[in-house]
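A.B. asks: My questions concern the predicted model and sequence given below.
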Amino acid sequence: MAQKGATPWNKGIPRTEAVKKKLSDYRKEYYKTHEHPRGMLGKKHTEEAKRKIRENASGTSYFSKKAIEKGRETFKRNTIARRILFVCPICKSEKLLSPQRFSRRKHCSYKCAGIAKRIKPSLCIKCGSKLTKSKENKYKLCWKCVWPYLVANRKNNGYVYRTSENRQARSTSKYQRWRNRVFKRDNYICQMCFGRGGKLQADHIKPFAFFPKLRFVLSNGRTLCVECHKTTDTYLKNTYINDKNN
(Lines give C-alpha, C1' and ligand atoms only; values in the text may rest on other atoms or scores of the structure.)
Protein backbone atom coordinates (compact mmCIF):
# COMPACT_ATOMS: atom_id res chain seq x y z
CA MET A 1 0.00 0.00 0.00
CA ALA A 2 1.34 3.40 -0.98
CA GLN A 3 2.20 5.68 1.89
CA LYS A 4 2.06 9.48 1.95
CA GLY A 5 5.40 11.01 1.02
CA ALA A 6 6.86 7.75 -0.27
CA THR A 7 8.64 7.75 -3.66
CA PRO A 8 6.76 5.65 -6.29
CA TRP A 9 8.63 2.61 -7.57
CA ASN A 10 8.37 3.68 -11.24
CA LYS A 11 9.51 7.30 -10.82
CA GLY A 12 12.03 8.20 -13.51
CA ILE A 13 11.46 4.95 -15.45
CA PRO A 14 10.08 5.64 -18.99
CA ARG A 15 7.14 3.61 -20.25
CA THR A 16 7.78 0.99 -22.92
CA GLU A 17 6.08 1.06 -26.30
CA ALA A 18 3.94 -1.97 -25.37
CA VAL A 19 2.60 -0.19 -22.22
CA LYS A 20 1.85 3.00 -24.19
CA LYS A 21 -0.08 1.03 -26.85
CA LYS A 22 -2.04 -0.82 -24.15
CA LEU A 23 -3.09 2.47 -22.45
CA SER A 24 -4.06 4.04 -25.78
CA ASP A 25 -6.26 1.09 -26.78
CA TYR A 26 -7.94 1.11 -23.38
CA ARG A 27 -8.79 4.84 -23.63
CA LYS A 28 -10.26 4.43 -27.13
CA GLU A 29 -12.55 1.63 -25.98
CA TYR A 30 -13.54 3.58 -22.85
CA TYR A 31 -14.48 6.81 -24.71
CA LYS A 32 -16.80 4.86 -27.07
CA THR A 33 -19.25 4.36 -24.20
CA HIS A 34 -18.31 7.32 -21.94
CA GLU A 35 -18.05 11.11 -22.44
CA HIS A 36 -14.65 12.52 -23.32
CA PRO A 37 -13.21 14.77 -20.56
CA ARG A 38 -12.73 17.56 -23.13
CA GLY A 39 -16.21 17.37 -24.66
CA MET A 40 -16.22 17.30 -28.47
CA LEU A 41 -12.47 17.01 -28.85
CA GLY A 42 -11.81 15.02 -32.03
CA LYS A 43 -15.52 14.69 -32.91
CA LYS A 44 -17.85 16.44 -35.39
CA HIS A 45 -21.53 17.36 -35.12
CA THR A 46 -23.96 15.69 -37.46
CA GLU A 47 -26.12 17.80 -39.79
CA GLU A 48 -29.18 17.11 -37.65
CA ALA A 49 -27.33 18.25 -34.53
CA LYS A 50 -26.19 21.44 -36.26
CA ARG A 51 -29.81 22.18 -37.30
CA LYS A 52 -31.08 21.75 -33.73
CA ILE A 53 -28.33 24.03 -32.38
CA ARG A 54 -29.29 26.78 -34.84
CA GLU A 55 -32.98 26.54 -33.94
CA ASN A 56 -32.37 26.62 -30.20
CA ALA A 57 -29.84 29.48 -30.39
CA SER A 58 -32.02 31.76 -32.56
CA GLY A 59 -34.03 33.02 -29.57
CA THR A 60 -31.80 32.42 -26.57
CA SER A 61 -28.23 33.15 -27.69
CA TYR A 62 -26.60 36.32 -26.38
CA PHE A 63 -25.62 37.30 -29.93
CA SER A 64 -28.94 36.40 -31.61
CA LYS A 65 -31.02 39.08 -33.35
CA LYS A 66 -33.75 38.95 -30.71
CA ALA A 67 -31.26 39.36 -27.88
CA ILE A 68 -29.55 42.29 -29.63
CA GLU A 69 -32.87 44.10 -30.23
CA LYS A 70 -33.90 43.49 -26.64
CA GLY A 71 -30.59 44.92 -25.38
CA ARG A 72 -31.00 48.04 -27.53
CA GLU A 73 -34.51 48.66 -26.17
CA THR A 74 -33.28 48.26 -22.60
CA PHE A 75 -30.40 50.69 -23.25
CA LYS A 76 -32.76 53.31 -24.68
CA ARG A 77 -35.19 52.90 -21.80
CA ASN A 78 -32.58 53.04 -19.02
CA THR A 79 -30.05 55.55 -20.38
CA ILE A 80 -31.05 57.58 -23.42
CA ALA A 81 -34.57 58.31 -22.15
CA ARG A 82 -33.18 59.62 -18.84
CA ARG A 83 -30.64 61.99 -20.39
CA ILE A 84 -31.03 65.75 -19.93
CA LEU A 85 -30.31 68.41 -22.54
CA PHE A 86 -27.28 70.53 -21.56
CA VAL A 87 -26.58 73.90 -23.25
CA CYS A 88 -23.11 75.41 -22.87
CA PRO A 89 -23.37 79.04 -21.69
CA ILE A 90 -20.32 80.07 -23.78
CA CYS A 91 -20.61 78.38 -27.22
CA LYS A 92 -24.33 77.44 -26.93
CA SER A 93 -23.64 73.86 -28.04
CA GLU A 94 -26.14 71.19 -26.97
CA LYS A 95 -25.43 67.74 -25.51
CA LEU A 96 -27.48 64.97 -23.92
CA LEU A 97 -26.00 64.07 -20.54
CA SER A 98 -26.88 61.64 -17.79
CA PRO A 99 -28.33 63.15 -14.59
CA GLN A 100 -25.02 62.57 -12.75
CA ARG A 101 -22.93 64.38 -15.38
CA PHE A 102 -25.54 67.11 -15.82
CA SER A 103 -25.33 68.01 -12.12
CA ARG A 104 -21.51 68.46 -12.32
CA ARG A 105 -21.09 69.94 -15.80
CA LYS A 106 -20.77 73.72 -16.16
CA HIS A 107 -19.20 73.98 -19.63
CA CYS A 108 -18.92 71.71 -22.64
CA SER A 109 -15.09 71.70 -22.75
CA TYR A 110 -11.92 73.02 -21.07
CA LYS A 111 -11.74 75.69 -23.75
CA CYS A 112 -15.11 77.15 -22.79
CA ALA A 113 -14.26 76.87 -19.10
CA GLY A 114 -11.08 78.95 -19.67
CA ILE A 115 -13.03 81.56 -21.64
CA ALA A 116 -15.57 81.80 -18.82
CA LYS A 117 -12.82 82.43 -16.25
CA ARG A 118 -11.30 85.20 -18.37
CA ILE A 119 -14.68 86.80 -19.01
CA LYS A 120 -15.94 86.56 -15.43
CA PRO A 121 -13.19 85.59 -12.94
CA SER A 122 -14.03 84.49 -9.41
CA LEU A 123 -13.99 87.45 -7.04
CA CYS A 124 -13.65 87.72 -3.29
CA ILE A 125 -17.07 88.25 -1.70
CA LYS A 126 -15.53 90.59 0.89
CA CYS A 127 -13.06 92.88 -0.92
CA GLY A 128 -13.80 92.06 -4.59
CA SER A 129 -10.24 91.03 -5.57
CA LYS A 130 -9.54 88.19 -8.04
CA LEU A 131 -9.25 84.65 -6.66
CA THR A 132 -6.41 82.46 -7.89
CA LYS A 133 -5.81 79.71 -5.31
CA SER A 134 -7.97 76.65 -4.78
CA LYS A 135 -8.05 77.12 -1.00
CA GLU A 136 -9.41 80.60 -1.46
CA ASN A 137 -12.13 79.44 -3.87
CA LYS A 138 -13.46 77.09 -1.19
CA TYR A 139 -14.36 80.03 1.05
CA LYS A 140 -14.91 82.54 -1.80
CA LEU A 141 -12.40 84.84 -0.08
CA CYS A 142 -8.97 86.12 -1.08
CA TRP A 143 -5.92 85.22 0.99
CA LYS A 144 -5.93 88.46 2.99
CA CYS A 145 -9.60 88.02 3.90
CA VAL A 146 -9.54 84.28 4.53
CA TRP A 147 -6.42 84.22 6.74
CA PRO A 148 -8.10 85.71 9.88
CA TYR A 149 -10.93 83.21 9.43
CA LEU A 150 -8.53 80.26 9.21
CA VAL A 151 -6.54 81.41 12.24
CA ALA A 152 -9.68 81.85 14.33
CA ASN A 153 -10.91 78.33 13.51
CA ARG A 154 -7.60 76.45 13.47
CA LYS A 155 -7.47 73.52 15.89
CA ASN A 156 -4.47 71.65 17.28
CA ASN A 157 -4.98 68.71 19.67
CA GLY A 158 -8.33 70.07 20.79
CA TYR A 159 -7.05 73.56 21.64
CA VAL A 160 -8.13 76.54 19.53
CA TYR A 161 -5.52 79.23 18.90
CA ARG A 162 -7.24 82.54 18.30
CA THR A 163 -4.25 84.49 17.01
CA SER A 164 -0.84 84.10 15.40
CA GLU A 165 0.62 87.15 17.17
CA ASN A 166 3.65 85.25 18.52
CA ARG A 167 4.62 83.96 15.09
CA GLN A 168 4.18 87.38 13.52
CA ALA A 169 6.34 88.99 16.21
CA ARG A 170 9.16 86.50 15.62
CA SER A 171 9.22 87.28 11.90
CA THR A 172 9.73 91.03 12.32
CA SER A 173 13.00 92.87 11.75
CA LYS A 174 12.91 94.07 15.36
CA TYR A 175 13.17 90.47 16.58
CA GLN A 176 16.05 89.75 14.19
CA ARG A 177 17.97 92.77 15.49
CA TRP A 178 17.42 91.69 19.11
CA ARG A 179 18.66 88.16 18.26
CA ASN A 180 21.85 89.46 16.63
CA ARG A 181 22.54 91.76 19.58
CA VAL A 182 22.26 88.80 22.01
CA PHE A 183 24.74 86.76 19.93
CA LYS A 184 27.26 89.62 19.74
CA ARG A 185 27.02 90.34 23.48
CA ASP A 186 27.74 86.68 24.36
CA ASN A 187 30.44 86.45 21.64
CA TYR A 188 28.58 83.52 20.04
CA ILE A 189 29.23 81.27 23.06
CA CYS A 190 26.62 79.00 24.66
CA GLN A 191 25.96 80.18 28.23
CA MET A 192 25.44 76.63 29.55
CA CYS A 193 28.08 74.39 27.94
CA PHE A 194 30.34 77.32 26.88
CA GLY A 195 30.79 75.92 23.40
CA ARG A 196 31.53 78.44 20.66
CA GLY A 197 29.77 78.51 17.29
CA GLY A 198 27.61 75.78 15.81
CA LYS A 199 23.83 75.97 15.80
CA LEU A 200 22.94 78.73 18.23
CA GLN A 201 19.58 80.07 19.37
CA ALA A 202 18.57 83.18 21.26
CA ASP A 203 16.64 82.04 24.34
CA HIS A 204 14.24 84.21 26.34
CA ILE A 205 14.90 83.84 30.06
CA LYS A 206 11.31 84.83 30.76
CA PRO A 207 9.05 83.12 28.16
CA PHE A 208 8.34 84.98 24.96
CA ALA A 209 4.60 84.20 25.04
CA PHE A 210 3.93 85.16 28.68
CA PHE A 211 5.99 88.37 28.92
CA PRO A 212 5.33 90.45 25.80
CA LYS A 213 6.90 93.58 27.30
CA LEU A 214 10.25 91.79 27.76
CA ARG A 215 10.41 90.25 24.28
CA PHE A 216 13.00 92.67 22.92
CA VAL A 217 14.84 93.54 26.14
CA LEU A 218 18.51 92.60 25.79
CA SER A 219 18.89 91.48 29.42
CA ASN A 220 16.08 88.94 28.93
CA GLY A 221 18.04 87.03 26.28
CA ARG A 222 20.90 84.54 26.34
CA THR A 223 22.78 82.50 23.75
CA LEU A 224 22.27 78.73 23.88
CA CYS A 225 23.08 75.86 21.57
CA VAL A 226 20.23 73.67 20.36
CA GLU A 227 20.93 70.77 22.74
CA CYS A 228 21.19 73.01 25.80
CA HIS A 229 18.11 74.97 24.78
CA LYS A 230 16.01 71.77 24.75
CA THR A 231 16.87 71.11 28.40
CA THR A 232 15.46 74.45 29.63
CA ASP A 233 12.03 74.81 31.21
CA THR A 234 10.98 77.44 28.69
CA TYR A 235 11.64 75.41 25.54
CA LEU A 236 8.51 75.09 23.32
CA LYS A 237 6.09 72.52 24.80
CA ASN A 238 7.85 72.51 28.22
CA THR A 239 6.48 75.99 28.85
CA TYR A 240 2.92 74.85 28.14
CA ILE A 241 3.26 71.72 30.32
CA ASN A 242 4.69 73.66 33.29
CA ASP A 243 2.05 76.37 33.01
CA LYS A 244 -0.70 73.73 32.84
CA ASN A 245 0.58 71.95 35.96
CA ASN A 246 0.74 75.19 37.89
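C.D. replies: Great, that's in hand. Numbering: from 1, shown residues only.
A.B. asks: Quick check: most distant residue from the centroid of this protein.
C.D. replies: Ala18 (67.1 Å; Cα atoms, centre = their mean).
A.B. asks: Which strand or helix spans it?
C.D. replies: helix 17-33 (DSSP states H and E).
A.B. asks: Quickly list the domain ranges of this protein.
C.D. replies: Following automatic domain parsing, one finds the domains of the chain at 66-120, 186-245.
A.B. asks: Show me how far the shortest one is from its chain's centre.
C.D. replies: If I follow you right, that is domain 66-120. Its chain's C-alpha centre and that of domain 66-120 lie 28 Å apart, by Cα atoms, centre = their mean, to the nearest Å.
A.B. asks: Any idea which of the domains of the chain gets closest to Val146?
C.D. replies: domain 66-120 (19.5 Å; Cβ to Cβ). Using the backbone N, CA and C atoms, a C-beta is placed for each residue, glycine as well.
A.B. asks: avg pLDDT for that closest one?
C.D. replies: Taken as a whole, domain 66-120 has an average pLDDT of 84.
A.B. asks: Format the domains of the chain as TSV; extra columns: distance to Gln168 and mean neighbour count.
C.D. replies: Converted to TSV, the domains of the chain look like this (distance: least, Cβ to Cβ, whole Å; neighbours: other Cβ atoms under 10 Å):
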stretch	distance to Gln168	mean neighbour count
domain 66-120	33	12
domain 186-245	12	14
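A.B. asks: out of these, which comes closest to Ser24?
C.D. replies: Nearest of the domains of the chain (Cβ to Cβ): domain 66-120, 43.5 Å.
A.B. asks: and Leu224, that's in a strand?
C.D. replies: Yes - the assignment for Leu224 (DSSP: H, G, I helix; E, B strand; the rest coil) places it in a strand.
A.B. asks: partner residues bridging it?
C.D. replies: With DSSP bridges as the criterion, Leu224 is bridged to Gln201.
A.B. asks: State the distance from it to Ser103.
C.D. replies: Distance of Leu224 to Ser103, given as Cβ to Cβ, to the nearest Å: 60 Å.
A.B. asks: will you turn the domains of the chain into TSV that also has distance to Cys127?
C.D. replies: Below are the domains of the chain laid out as TSV (distance: least, Cβ to Cβ, whole Å):
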stretch	distance to Cys127
domain 66-120	17
domain 186-245	30
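A.B. asks: Tell me the spacing between the residue farthest from the centre of the chain and Asp25.
C.D. replies: Ala18 is 11 Å from Asp25, by Cβ to Cβ.
A.B. asks: any low-confidence regions in the chain?
C.D. replies: 1-2, 56-64, 120-121, 132-139, 149-164, 237-246 (pLDDT under 70).
A.B. asks: mind listing the helices for it?
C.D. replies: Taking DSSP state H as the test, the helices found in the chain are 17-33, 47-60, 65-78, 99-104, 110-119, 134-139, 143-153, 165-170, 173-185, 226-230, 237-245.
A.B. asks: so Cys193 touches His229, yeah?
C.D. replies: No - counting by Cβ atoms under 8 Å, Cys193 sits too far from His229 to count as a contact (10.7 Å).
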